[in-house]
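In: fold the following for me, if possible:
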Amino acid sequence: MKRTSNNQSQWLVILTATSALLLLALLALTLTHAKYSSSAADYDHRRFANPDQNFIDGDNSYSLELPRLPRFAYLLTGSKGEGPQLKRLLQAAYHPRNHYLLHLDLEASDAERLDLAKYVKSESVMHAFRNAMVVGAADLVTAKGPTVMAATLHAVAILLKRDGDWDWDWFINLSASDYPLMSQERESRSGGEEETRERERRERKREREKYEICVGLIL
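Out: So this is what the prediction gives:
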């Protein structure tokens, strides 16, 4: 009879301790949930107290950062009699975010270069953004030899010597017979996607190098 009483006492102690632990756990969970709900409410209140600050309104700007689109530097090249084609190509490839350098080689006359420069200056958008110019000192370009490469490098040097507002990420060389098949917005998105893929490739390469170093140290 005494042994049965001891067993009952032990079970009563265990049951009491278990109930106390469950009660404490429930209380802690309730307090944690209440604290999280209060913090979330405060955050939402602070974030949306003034909805206008999250959108453009007058001089205000987005509070959310948008991904930066790449900028392109175009070299548009032509020869004698190809001024109209260069104008058409410039209109098709133009975007205020990009930069354009037009080059008529030595086969073209000075009058053709002057006419092309007047056309660029007369376009109100190009004149406002100042992102298009014509090469005055033309280069000799022939079908054979290094002249094509030399003219391209000369154009790149001109682009690099421009002021800080002429920053660009990609260089594209088009001739008067070319015509873009993609819009500038789509091309910018494609360039941004390519930059993202290249960044991911570099990160994977660094991870592989770290792994190879670790394996080499272990072996």
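
In: so where's this structure shaky on pLDDT?
Out: 1-8, 13, 25, 28-67, 163-164, 181-199, 207-219 (pLDDT under 70).

In: which parts of it are helices?
Out: For the chain, helices defined by DSSP state H occupy the ranges 2-48, 83-93, 110-122, 124-129, 147-160, 184-218.

In: just the CA trace of the second one, in PDB.
Out: Listed in PDB are the C-alpha atoms of helix 83-93, where the atom choice follows Å, rounded to 0.1, in the frame of the first residue of the first chain:
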ATOM      1  CA  GLY A  83      25.200  59.700 -95.400                       C
ATOM      2  CA  PRO A  84      21.400  59.000 -95.800                       C
ATOM      3  CA  GLN A  85      21.900  55.400 -94.600                       C
ATOM      4  CA  LEU A  86      23.800  56.600 -91.500                       C
ATOM      5  CA  LYS A  87      20.900  59.000 -90.700                       C
ATOM      6  CA  ARG A  88      18.400  56.200 -91.000                       C
ATOM      7  CA  LEU A  89      20.600  53.900 -88.800                       C
ATOM      8  CA  LEU A  90      21.000  56.600 -86.200                       C
ATOM      9  CA  GLN A  91      17.300  57.100 -86.000                       C
ATOM     10  CA  ALA A  92      16.700  53.400 -85.600                       C
ATOM     11  CA  ALA A  93      19.400  52.900 -83.000                       C
END
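
In: and the contacts of that helix?
Out: 74, 76, 78, 100, 102, 104, 108, 112, 115-116, 119-120, 132, 174, 176-180, 184 (CB atoms under 8 Å, 6 or more residues apart in numbering). Glycine gets a C-beta too; all of them are placed from N, C-alpha and C.

In: for stretch 89-99, buried residues please.
Out: Leu89, Leu90, Ala93, Tyr94, His95, Asn98, His99 (16 or more other CB atoms under 10 Å).

In: quote the end-to-end distance of it.
Out: Length of stretch 89-99, first residue to last, CA to CA, to the nearest Å: 13 Å.

In: again with stretch 95-114
Out: Span of stretch 95-114 from end to end, CA to CA: 23 Å.

In: quick one: buried residues of it?
Out: So, applying 16+ other CB under 10 Å, buried residues of stretch 95-114: His95, Asn98, His99, Tyr100, Leu101, Leu102, His103, Leu104, Asp105, Ala108, Glu112, Arg113.
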